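Chemist: with the input below, show me the fold.
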Amino acid sequence: ELVDVLNMADALCFPSIEDNYPNTIVEATACGTPTIAFRTGGMEEMVVHGSTGILVDEHFRADAFAEGIVEFVLQYFRDERMRRNCRKAAQSNNAPHRIGTQLKALYEGAVGQDKSAGSEPCLSRRGVQILRRIPAAGADSFGEQFMQFPLNRELARMATQHGGSTNVELVEASQQLVPPEQKRGGKIDVLLVSSIHSHHSHRSGPYQFSRFLDPNRFTVEEWRVPLGNDLNSKGCLQHQLAAKMLGLEGYINQSNGSVAEFDLLRRITRCAPDIVHFVDGELCGWLTPRIAKKLLGTSCPKFIMSLHQPTELLKTMVSKRLLQQYDLITPISCCIRECLESFVTTKKIVALPHGIDVVFFTPAMQKAKDEPFRMCAVGQWLRDYDSALAAMNEIQCRGLNVEYTIVSNLFPENHSTDKLHFVRD
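Modeler: Modelled structure (predicted):
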């Protein structure tokens, strides 16, 4: 249905005043539908003014956005050249083979030639000593607070399995060594960690990453982390305090992420993959690299973090100090890359855009010339629909025949008219 809506529209009106690399624009572009947007954030690099859409310079101004729509109607309405340019841009920048080639080069470059052969136990003696210093609640037994973390539960299991003790300090280091599992020969092992977002499609966006990799060259294991705090309801307050201390505003209400990271550490110590990639790092991935490097030494995987949020929001969601622990950081747009260059060395930063299924998102048949000019807007995050409606009123005052469809959960239904359609996504 979304493909049909995007194909019905003559233009995607995208009135966000701040955004990163919106899926909606990529999806519309793949369908051959031009975009009208403000010249801000990732939109400036996604839309080529006069070629794949219109960029409006004056931010926050509905009348300026209306002028952009009028310019499109007068100069590019039913312009098949612009629609072909859009399709070509999506195929060149976001098609599976394009992102797959970039990912392949990124992962192979990250692994390099310094990867340990993995013949030694994954959990080093130094790592064991670090684990053994984790305090257990109570003198001789584990307490409820200690046991709520998955890594600590693994310690308790190891302790009781090797000698029946419930005290970590009584377990010999040699007994805590974990032999590595058999590596899958000749392939690069990738562990992808991502949060579950309802607006991320399996046809476009960051969930596409694993689909682009050659299965003959890579093995991929995916971890999905639910948003919120339900995995750690009892420790939610402690998590929030720790997130504030780390300066991670976006991490405060995502204690599920920290719980998942403890489980992830347990997985890594059993058999370290070559690469651990946190697909939306703002919400998960701030604890694992530093701890894993201390535990595993040369057997530690390479860590990659992708970042998606607009630059002003991103500044409140990342830690400059903790970013240094990553081997590579992959912002989804050049504007985010420029923001990150003040945090880490540029050698660690590689821009990597979202991919899209260009077979699913594809242009429809040519429209009849007597149809009205149709616009659509999709989504709810960072959308400024008040400006969009004000712009539409400006256009209607000029006597242009337009229809506008909004697909969102934010827009009130009582605004619908015969020229304005509202669809809950």
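Chemist: hmm, which helix or strand of the protein has the shakiest average pLDDT?
Modeler: Least confident element among the helices and strands of the chain, by mean pLDDT, DSSP states H and E: helix 173-176 (a mean of 33).
Chemist: so Gln396 touches Glu403, yeah?
Modeler: No - the pair Gln396 / Glu403 is not scored as a contact, 10.7 Å apart, by Cβ atoms under 8 Å. Every C-beta, even on glycine, is put in place using the N, C-alpha and C of the backbone.
Chemist: and those two? which has more neighbours close in?
Modeler: Ranked by neighbour count (other Cβ atoms under 10 Å), Gln396 and Glu403 place Glu403 first, with 19 against 16.
Chemist: which residues does the more buried one form beta bridges with?
Modeler: Arg374 (DSSP bridges).
Chemist: my guess is it contacts Ile395, does it?
Modeler: No - with contact defined as Cβ under 8 Å, Glu403 does not reach Ile395; the gap is 11.0 Å.
Chemist: now the residue at minimal distance from the centre of the chain, nearest residue through space, not along the chain?
Modeler: Of all residues in the chain, the one closest to the mean position by Cα atoms, centre = their mean is Asp280, 3.5 Å from it. Leaving aside its sequence neighbours, Asp280 sits nearest to Ser195 (Cβ to Cβ, 6 or more residues apart in numbering; 5.2 Å).
Chemist: again with Gln324
Modeler: Val344 (6.3 Å).
Chemist: how many residues are close by the one you found?
Modeler: Other residues near Val344 come to 16 when the count uses other Cβ under 10 Å.
Chemist: likewise for Ala30?
Modeler: 28.
Chemist: what's near enough to touch it?
Modeler: Residues in contact with Ala30, defined by Cβ atoms under 8 Å, 6 or more residues apart in numbering, are 86-87, 90-91, 94, 356, 358, 361-362.
Chemist: which one among these gets closest to Gly297?
Modeler: Asn94 (38.4 Å; Cβ to Cβ).
Chemist: what are the phi and psi values at that closest one?
Modeler: phi -130, psi 0 (degrees, to the nearest 10).
Chemist: then the one 10 residues further on?
Modeler: Recorded main-chain torsions at Lys104 are phi -60, psi -50, according to degrees, to the nearest 10.
Chemist: Arg337 versus that one, what's the distance?
Modeler: In this view, Lys104 and Arg337 are 20 Å apart by Cβ to Cβ, to the nearest Å.
Chemist: so what strands line up beside the next helix-or-strand element following the least confident helix or strand of the chain?
Modeler: Scanning forward in sequence from helix 173-176 by DSSP states H and E, the next helix or strand is strand 188-195. If you go by DSSP bridges, strand 188-195 pairs up with strand 218-225 (parallel), strand 275-278 (parallel).
Chemist: helix or strand right after strand 188-195?
Modeler: Past strand 188-195, the next helix or strand by DSSP H and E is strand 204-205.
Chemist: contacts for that following strand, please.
Modeler: Applying Cβ under 8 Å, 6+ apart, the contact partners of strand 204-205 are 23, 26-27, 354-357, 361.
Chemist: re the thing from before, what sits against the residue nearest to Gln324?
Modeler: Val344 sits next to 320, 323-324, 326, 329 when contact means Cβ under 8 Å, 6+ apart.
Chemist: hmm, back to that, filter the contacts of strand 204-205 down to the buried ones.
Modeler: 23, 26-27, 354-357, 361 (16 or more other Cβ atoms under 10 Å).
Chemist: just checking, the residue nearest to the centre of the chain touches Leu192?
Modeler: No - look at Asp280 against Leu192 with Cβ under 8 Å: they stay out of range, at 10.7 Å.
Chemist: report the separation between the residue nearest to Gln324 and Ala89.
Modeler: Distance from Val344 to Ala89, by Cβ to Cβ: 30 Å.
Chemist: and if you look at Leu55?
Modeler: From Leu55 to Ala89 the distance is 14 Å (Cβ to Cβ).
Chemist: before we move on, what about Glu67?
Modeler: Going from Glu67 to Ala89 by Cβ to Cβ gives 24 Å.
Chemist: more neighbours: which of those two?
Modeler: Neighbour count, other Cβ under 10 Å: between Glu67 and Ala89, Ala89 has more, with 20 against 17.
Chemist: just to revisit the earlier point, got a list of what the residue nearest to the centre of the chain touches?
Modeler: So Asp280 contacts 194-195, 197, 206, 306-308 (Cβ under 8 Å, 6+ apart).
Chemist: now do 10 Å
Modeler: 193-197, 200, 205-206, 225, 250, 257, 305-309, 332 (Cβ atoms under 10 Å, 6 or more residues apart in numbering).
Chemist: just the buried subset of those residues, please.
Modeler: 193-195, 197, 200, 205-206, 225, 250, 257, 305-309, 332.
Chemist: show me how far stretch 295-306 is from its chain's centre.
Modeler: Relative to its parent chain, stretch 295-306 has a centroid offset of 20 Å by Cα atoms, centre = their mean, to the nearest Å.
Chemist: show me where pLDDT drops low in the stretch 101-250 of the chain?
Modeler: Residue ranges of the stretch 101-250 of the chain with pLDDT under 70: 113-185, 198-202, 206-209, 231-236, 238-239, 242, 245-247, 249-250.
Chemist: run the last query once more with 90
Modeler: In the predicted model, the stretch 101-250 of the chain carries pLDDT under 90 at residues 101-104, 111-187, 192-217, 220-250.
Chemist: with the stretch 301-425 of the chain instead?
Modeler: Short version for the stretch 301-425 of the chain, where the test is pLDDT under 90: 308-325, 332-348, 352-357, 359-360, 364-425.
Chemist: which residues of the protein fall in strands?
Modeler: Secondary structure of the chain (DSSP state E): strands at 11-14, 35-38, 53-56, 188-195, 204-205, 218-225, 275-278, 302-307, 328-331, 355-356, 373-378, 402-407, 420-423.
Chemist: quick check: bridge partners of the nearest residue to Gly68 once chain neighbours are set aside?
Modeler: Spatial nearest neighbour of Gly68, excluding adjacent residues (Cβ to Cβ, 6+ apart): Val56 at 4.1 Å. The partner list for Val56 in beta bridges (DSSP bridges) reads Phe38.
Chemist: what is the burial count for Val56?
Modeler: 23.
Chemist: thanks a lot, catch you later.
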